[in-house]
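Q: predicted model and sequence below, questions to follow.
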Amino acid sequence: MDSLALGDIANLVGGALHGDATIPITGAAIIRDANPGDITLADDPRLAKDLADCKASAVLVPPTVELADVPTVSVEDVHVSFSKLVEHFKPRAANAACGVSAAAHVSKTAKLGAQVVVYPTATIGDDVVIGTGSVIHPGVHILAGCRLGENVTVFPNAVLYEATHIGNRVLIHGGAVIGAFGFGYDTVDGKHILSAQLGNVVIEDDVEIGANTTIDRGTYGPTTIGRGTKIDDQVMIAHNCRIGCHNLLCSQVGIAGSCTTGDYVVLAGGVGLRDHIKIDDGAILGAKSGVMHDIPAGTTYLGYPATPEREQMVKQAAWAKLPEMRKQFRALQKQVAQLAERLGDAA
Amino acid sequence: MDSLALGDIANLVGGALHGDATIPITGAAIIRDANPGDITLADDPRLAKDLADCKASAVLVPPTVELADVPTVSVEDVHVSFSKLVEHFKPRAANAACGVSAAAHVSKTAKLGAQVVVYPTATIGDDVVIGTGSVIHPGVHILAGCRLGENVTVFPNAVLYEATHIGNRVLIHGGAVIGAFGFGYDTVDGKHILSAQLGNVVIEDDVEIGANTTIDRGTYGPTTIGRGTKIDDQVMIAHNCRIGCHNLLCSQVGIAGSCTTGDYVVLAGGVGLRDHIKIDDGAILGAKSGVMHDIPAGTTYLGYPATPEREQMVKQAAWAKLPEMRKQFRALQKQVAQLAERLGDAA
Amino acid sequence: MDSLALGDIANLVGGALHGDATIPITGAAIIRDANPGDITLADDPRLAKDLADCKASAVLVPPTVELADVPTVSVEDVHVSFSKLVEHFKPRAANAACGVSAAAHVSKTAKLGAQVVVYPTATIGDDVVIGTGSVIHPGVHILAGCRLGENVTVFPNAVLYEATHIGNRVLIHGGAVIGAFGFGYDTVDGKHILSAQLGNVVIEDDVEIGANTTIDRGTYGPTTIGRGTKIDDQVMIAHNCRIGCHNLLCSQVGIAGSCTTGDYVVLAGGVGLRDHIKIDDGAILGAKSGVMHDIPAGTTYLGYPATPEREQMVKQAAWAKLPEMRKQFRALQKQVAQLAERLGDAA
């Protein structure tokens, strides 16, 4: 919270100062929010225009950005340095560490590693295993037989159904539900009968799962999320899916049952996949696409039904000009009719 | 629950009676649900047709609606009056007030105003401030450093991450998650590295937030929701967004990172916004639109990609007639070929 | 977990063995996941191709499937039998039963039937009634005046707002929010004023509700879900809707206010319905459809706006060929212009 001279700021982040070292800096804020006294961040030369209207007293820049009219501090990794400054002026709020709270409900048969934190109102079921350094926030419920690795963080009110397996360094955000029943039914005598729910969910190392996302358990085997894959808020992954490694699944993506994705797949916001299809390595699906077929590796698809990006662009363009083409078409019909008439006369 | 004579009903709501004051009324229900003994509601003359099949014993109407064959009570504000009657016959269920429950977990450093209610199993983190008259339902978790204004209601199992700021008279429904991490990554050596999560969420006065909605925290500064804006269930608002005042964001809307909306913007159900775009004052987006560009003030856009309503209508109409046009086009091709042949003969 | 000889497997499921009865079986897994020692499942002759690459030691098949090169056990209902085997080798994790936990918060005026289980941190409000054999998981909050039938299961962190009525044998998954406020506003002097919230939600027998689904309460009367209807994760059902019996509502479906569905309606993933429309008995809506009008009984509709399946297919096909048609159209324009010129010359 303390004010710092700009020279001290440069020292703090190990940067090169251009300008008056005595300018007092009282905060750090992005260009949109910066007031006099703040240092701001410009990570791209194209931001020069926005900086013209910005009231910040100084700017943190990478060596590639040079600014004439304003004091700057220049560093290699502007984001790491700017984070330091933001934290200096606005220290992070955090609860005092609590170990395993007496107000948490931990089964006697659960095994918790060293430095595990369990907040009040969390419940840990029978035979659960939680690795060293993991943090279980309030209102989290980890049902019987779950296994969590080391340094996992489960944020408030997330739920892990029975036998969910979680790797190391996984983040699960608030309200996420992992392992609920798959939506599979047989219709017998007019009634929908739920399929078996004997599988589980397996989440590998370094996966991050957004708030209120749902991942359903497999029918007989696991639904799996591969190492390093990041999943945004309100994503739905149905039973028996196999999500590859290092995928990016953006908000409100919906993946129906038994789909497979390769590695480094990107599904933009609101993409929907029908059941039993495969998205191969490195494929990218544009926002709100509806995918009805397998998608080859390394391609970009868009639209509903999803087609290759270039094809979709041509179709969109043709569609945009369709009303004009209709008019021209009617004119052409008339012209041909007149020609036919004249030709009849001429014949 | 008591039966009332229709004359007493008229007195209760201060309305004008047309019909027999002694008719006993035992309930209040909408036209679809009304049984004999009920009074129902007709707020529009066009409902006369529906009333013909309705078994209600009387109808509450505004002065603009006249009904010949059924007893009526006529009042200016039918909805306020009908609410009174519904509550008379079916008093609202409510828990006895409990003050701050001994079964809630409130940090010693939290500051709670007068008449604050905190239900069992809610947790209130370090340095949290909650204003007079606010109600914190069971299973709500308010992490360290949050600030809530006066007369805020947070319904069961909503989560406020660290340093969330909430104005006065805000409603937050069950399962909403405010302040989870933004979905921003840099890919370094094939691994996705999470961006800084040093910002927070700021929600102004009179905002209402639906069940299971998610609003992510800003990277360095706040994600903001302007005064009087109403947000439905399962809406997703990503990091760094600036939502204006008095917006209506319907269910399943998804707004990607760093978007801005003006005042009185309306996003219908399922609308998706790409990142870094601006929706100007009073703009309306039709249901399920996919918005890829800035939208000007006061306009209505539809479709994917979203285009002006009128243009979209023309394109939809042209699309609907496209198969017919294809047939006509093939016929025209043939006709022209024949003309060309005959002209060749004629020449 | 114990190993079983294949002959014992056949006895366990009452099936006919083809092959060596002494083969030791150590697990049961689907084709994708099976390793040597496992028995797998092939419920369809078309799976023969997948089995060629499968390492399983034996296959469970229905009488209609004959396999030459691998030991099989043949039974009528393969799914029931395979479930038995999966459970034999991997017994389900489950918490020890706990009755009504002393760490649950149950109102003195609530009435709980025999064999009701309430886990720690669940809260049960005033005047709630819960039928025999129902299970209330941790973190579930059942507000005042709710009524639940027999053998209902409410999974962790689901929320039932005041006066929700639930039938028998209903499953409600984690994070579902039932009875939050409807999104109805009148705009008065530039402010959005919330409509009455005096109704409730009524859920009939044998309904299943997915994780993080939201169903809003009616304005004056109930929002209803008919008997036997199954609802997937992250579905949104708005205020005053009347959902019929035995519907299947897939993930991320959004239904706006006051809609009605008949019986045996199927809404595929991501379908959106505008407000006040009716989907009649047995109608099917394709994935991601946007529905703007009533849909007749027994029909299948697709697309945005939704049109009959056949019509949509023709339109999609026409659209796919639109760029080609544009080229041909320009060619035809030229040809007609040349004809006109020649005809002018000829005349």
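A: Everything's here; your move.

Q: the stretch 201-347 of chain A: helices as residue ranges?
A: Along the stretch 201-347 of chain A, counting by DSSP state H, counting those that start in this stretch, helices occupy A:309-320, A:322-346.

Q: among those helices, which comes closest to chain C?
A: Nearest to chain C, of all the helices of the stretch 201-347 of chain A, is helix A:309-320, at 4.3 Å by CB to the nearest CB. The way it works is simple: take the backbone N, C-alpha and C, and place the C-beta from them, glycine included.

Q: and the angle for that closest one with helix C:309-320?
A: Per axes from the mean of the first three to the mean of the last three CA atoms, to 10 degrees, the angle that helix A:309-320 makes with helix C:309-320 is 100 degrees.

Q: identify each buried residue in helix A:309-320, please.
A: For helix A:309-320, burial by neighbour count (16 or more other CB atoms under 10 Å in any protein chain shown) applies to A:309, A:312, A:314-316, A:318-319.

Q: how far is it from where the chain is centred?
A: Mean-position distance between helix A:309-320 and its chain equals 28 Å (CA atoms, centre = their mean, to the nearest Å).

Q: next: stretch A:18-29.
A: The answer for stretch A:18-29 is 34 Å, by CA atoms, centre = their mean.

Q: end to end, how far does it reach?
A: 19 Å (CA to CA, to the nearest Å).

Q: do stretch A:302-316 as well
A: 11 Å.

Q: contacting residues around that stretch?
A: With contact meaning CB atoms under 8 Å, 6 or more residues apart in numbering or on different chains, stretch A:302-316 is reached by A:285-286, A:288-293, A:295, A:299-301, B:304-305, C:288, C:303-304, C:316, C:319-320, C:322-323.

Q: now with 10 Å, please.
A: A:268, A:271-274, A:284-293, A:295-296, A:299-301, B:290, B:304-305, C:270, C:287-289, C:302-304, C:316, C:319-324, C:326 (CB atoms under 10 Å, 6 or more residues apart in numbering or on different chains).

Q: ditto for stretch A:94-103
A: Stretch A:94-103 has contacts (CB under 10 Å, 6+ apart) with A:104, A:106, A:110, A:112, A:115-122, A:124, A:130, A:135-138, B:103, B:105, B:107-109, B:121, B:123, B:125-127, B:143-145, B:162-163, C:103, C:121.

Q: now the stretch 151-300 of chain A, which segments are flagged as low pLDDT?
A: Nowhere does the stretch 151-300 of chain A drop to pLDDT under 70.

Q: can you pull out the helices in the stretch 51-200 of chain A?
A: Secondary structure of the stretch 51-200 of chain A by DSSP H, counting those that start in this stretch: the helices cover A:78-89.

Q: which single residue of it ends up nearest chain B?
A: Closest point on the stretch 51-200 of chain A to chain B, by CB to the nearest CB, is residue A:93, at 2.6 Å.

Q: who touches the closest residue to that residue other than its chain neighbours in this structure?
A: Closest residue to residue A:93 apart from its sequence neighbours, by CB to CB, 6 or more residues apart in numbering or on different chains: residue B:145 at 2.6 Å. By CB under 10 Å, 6+ apart, the contact list for residue B:145 reads A:90-95, B:109, B:125-129, B:160-165, B:200.
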